[in-house]
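Trainee: Here is my input; please provide its structure:
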Amino acid sequence: MPRTPENLPKHELIGLNVEVEEHSDENIEGLEGTVVDETKNMLVIDGRKVSKKDGVFVFELADHRVRINGKVIHKRPEDRVKMRLPGKYESL
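Mentor: Residues are numbered from 1 along each chain as shown. Predicted structure coming up:
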């Protein structure tokens, strides 16, 4: 299944370009890079660990930018497959 704005929270995020749009740690806001690893609580963006639940992230797909609140993806990747998706993203 291809990644689309509608199903992005269900997909693996590793390899996607991302920008930290908002975060409780102001030093992390504006961080851009590639997701190189992911756990339940963290995204590793070019070597920097970023808490998922405390931020808002903008992921880049081939022809879309998608804003996702970190609380939505604050799950293990394998558990996100079972999520219901309406209203969980914002296509930019």
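Trainee: use CA for all of it now, contacts and neighbours both
Mentor: OK.
Trainee: In terms of helix, strand or coil, where does the residue sitting nearest the centre point of the chain fall?
Mentor: Compute the mean C-alpha point of the chain, and by Cα atoms, centre = their mean the closest residue is Phe57, 5.3 Å away. Secondary structure assignment for Phe57 (DSSP: H, G, I helix; E, B strand; the rest coil): strand.
Trainee: Just give the closest residue to Leu13, not the sequence neighbours.
Mentor: Distance criterion Cα to Cα, 6 or more residues apart in numbering; nearest residue to Leu13, sequence neighbours excluded, is Val35 at 6.6 Å.
Trainee: Let me know the secondary structure of the residue found closest to Ile73 once you drop the neighbours it is linked to in the chain.
Mentor: Excluding the flanking residues, the one nearest Ile73 by Cα to Cα, 6+ apart is Pro9, at 6.2 Å. Secondary structure state of Pro9, per three-state DSSP, is helix.
Trainee: re the thing from before, what about the residue nearest to Leu13, distance to Val58?
Mentor: 12 Å (Cα to Cα, to the nearest Å).
Trainee: what do those two both touch?
Mentor: Shared contacts of Val35 and Val58 (Cα atoms under 8 Å, 6 or more residues apart in numbering): Val18.
Trainee: where exactly do the strands run in this structure?
Mentor: Using DSSP state E, the strands of the chain run over 17-23, 32-38, 42-45, 48-51, 55-60, 65-69, 90-91.
Trainee: so where's the protein shaky on pLDDT?
Mentor: 1, 85-92 (pLDDT under 70).
Trainee: and if we set it to 50?
Mentor: Within the chain, no range satisfies pLDDT under 50.
Trainee: sorry, back to before: Serialize the strands of the chain to a markdown table and add fields for distance to Pro2.
Mentor: Putting the strands of the chain into a markdown table (distance: least, Cα to Cα, whole Å) gives the following:
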| stretch | distance to Pro2 |
| --- | --- |
| strand 17-23 | 16 |
| strand 32-38 | 18 |
| strand 42-45 | 21 |
| strand 48-51 | 26 |
| strand 55-60 | 14 |
| strand 65-69 | 15 |
| strand 90-91 | 16 |
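Trainee: Point out the one among those that comes closest to Arg76.
Mentor: Nearest to Arg76, of all the strands of the chain, is strand 32-38, at 8.3 Å by Cα to Cα.
Trainee: Many thanks, have a good one.
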